[in-house]
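Peer 1: No sequence on hand, only this structure:
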Ligand SMILES: NC(=O)c1ccc(NC2CCCC2)nc1
């Protein structure tokens, strides 16, 4: 998957490009990440990248010409590198809320150009002219779009085939098939008297699968009942959830 990033602080993205699953995916070429910095398009002596808001008010906005030049170069590069027109995304609290389904859509869609804002944001005409979709990682305000951009890129990149070593692990993750994750255990078998559930030591893969599904359903019922609304459970799932509820509140 090809992803272009427009940001005044490209070095922040080393958290993605040099570490972990995404770092390996970049190294293996499963993910191509390229960067454009609006400051590189500044022609004045002070390399200005911000500008004052019409109508007054606190703070500055990203300067239109340097931002647009960076977006345009990223878009052109996307078309050359992939033969496809990219989807240009801007991160802001005004955007569509990112969830696992949205991450899946982004992962299976066209190449992305992700624009990270700074200051108080960007001129609305840049949103209208150059941004295809606005996305938000949650209802809170951050000092820059870089962290939300990295969250979005990580969530999408790990769903790109071949990025996760063990493909199944993406499927068993939380929010895969829309349920919360089940509890996980590793050595030792006893931690201060707390033992691993026996079923997980039994080697009975069917029983283990059912136990994990029951725990996912039960946890979702307890912590995020909203995720179960409007969802039809199959016979096995309904049975397991009823068992969980029975044991929880006998
Ligand atoms: N909730 C979010 O996804 C989000 C995105 C960007 C941002 N701040 C940016 C937006 C314009 C300047 C800083 N804050 C929050």
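Peer 2: In hand now; what should we look at? Treat the numbers as computed from the prediction; the structure is a model and nothing was measured.

Peer 1: any low-confidence regions in this structure?
Peer 2: Flagging of the chain using pLDDT under 70 yields the residue ranges 167-176.

Peer 1: The same query, at a cut-off of 50, please.
Peer 2: 172 (pLDDT under 50).

Peer 1: The longest strand seen in the chain: which residues count as buried?
Peer 2: For the chain, the strand with the greatest residue count under DSSP state E is strand 87-97. For strand 87-97, a neighbour-count test (16 or more other CB atoms under 10 Å) marks 87-92, 95 as buried. Backbone N, C-alpha and C define where each C-beta goes, glycine included.

Peer 1: Quick one: name whatever helix or strand follows that strand.
Peer 2: The first helix or strand that comes after strand 87-97 along the chain, using DSSP states H and E, is helix 100-107.

Peer 1: any bit of stretch 50-60 sitting next to the ligand?
Peer 2: No: figure legend: stretch 50-60 not in contact with the ligand (CB under 6 Å from any ligand atom); closest approach 9.1 Å.

Peer 1: Pull out the buried residues from that stretch.
Peer 2: Residues of stretch 50-60 classed as buried by neighbour count (16+ other CB under 10 Å): 50-51, 60.

Peer 1: how about those residues in TSV, adding distance to residue 161 and secondary structure?
Peer 2: Supplementary listing: the buried residues of stretch 50-60 in TSV, determined by distance: CB to CB, whole Å; DSSP: H, G, I helix; E, B strand; the rest coil:
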residue	distance to residue 161	secondary structure
50	40	strand
51	42	strand
60	42	coil
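
Peer 1: quick revisit: give the pairing partners of the longest strand of the chain; include direction for each.
Peer 2: The strands beside strand 87-97 in its sheet (DSSP bridges) come out as strand 112-115 (parallel), strand 133-136 (parallel).

Peer 1: Can you name the next helix or strand after the last one?
Peer 2: Just to be clear, that refers to strand 133-136. Where DSSP H and E defines the elements, the next helix or strand beyond strand 133-136 is helix 146-157.

Peer 1: Name the residues that touch that following helix?
Peer 2: By CB atoms under 8 Å, 6 or more residues apart in numbering, the surrounding residues in contact with helix 146-157 are 1, 3, 5, 7, 9, 12-13, 15-16, 21-22, 25, 30-31, 33, 89, 91, 98, 100, 103-104, 106-107, 112, 114-116, 135-137, 142, 163.

Peer 1: Now, of those, which are buried?
Peer 2: The neighbour count (16+ other CB under 10 Å) marks 1, 3, 5, 7, 12-13, 16, 21-22, 25, 30-31, 33, 89, 91, 98, 100, 103-104, 106-107, 112, 114-116, 135-137, 163 as buried among the contacts of helix 146-157.

Peer 1: how's this structure carved up into domains?
Peer 2: Domain ranges of the chain: 1-163, 188-247, per the TED database.

Peer 1: This structure: helices as residue ranges?
Peer 2: 14-17, 20-28, 64-82, 100-107, 124-130, 146-157, 168-172, 199-202, 205-223, 235-248 (DSSP state H).

Peer 1: out of the ones you listed, deepest packed?
Peer 2: Stretch with highest mean neighbour count among those: helix 146-157 (a mean of 21; mean count of other CB atoms under 10 Å).

Peer 1: So the closest residue to residue 219 other than its chain neighbours versus residue 221, what's the distance?
Peer 2: Ranked by CB to CB, 6 or more residues apart in numbering and with sequence neighbours excluded, the top spatial neighbour of residue 219 is residue 180, at 4.6 Å. Relative to residue 221, residue 180 is positioned 9 Å away (CB to CB, to the nearest Å).

Peer 1: hang on, the earlier thing: a markdown table for the helices of the chain, including distance to the ligand?
Peer 2: Formatted as a markdown table, the helices of the chain follow (distance: least, CB to the nearest ligand atom, whole Å):
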| stretch | distance to the ligand |
| --- | --- |
| helix 14-17 | 16 |
| helix 20-28 | 19 |
| helix 64-82 | 12 |
| helix 100-107 | 12 |
| helix 124-130 | 11 |
| helix 146-157 | 4 |
| helix 168-172 | 23 |
| helix 199-202 | 37 |
| helix 205-223 | 22 |
| helix 235-248 | 33 |
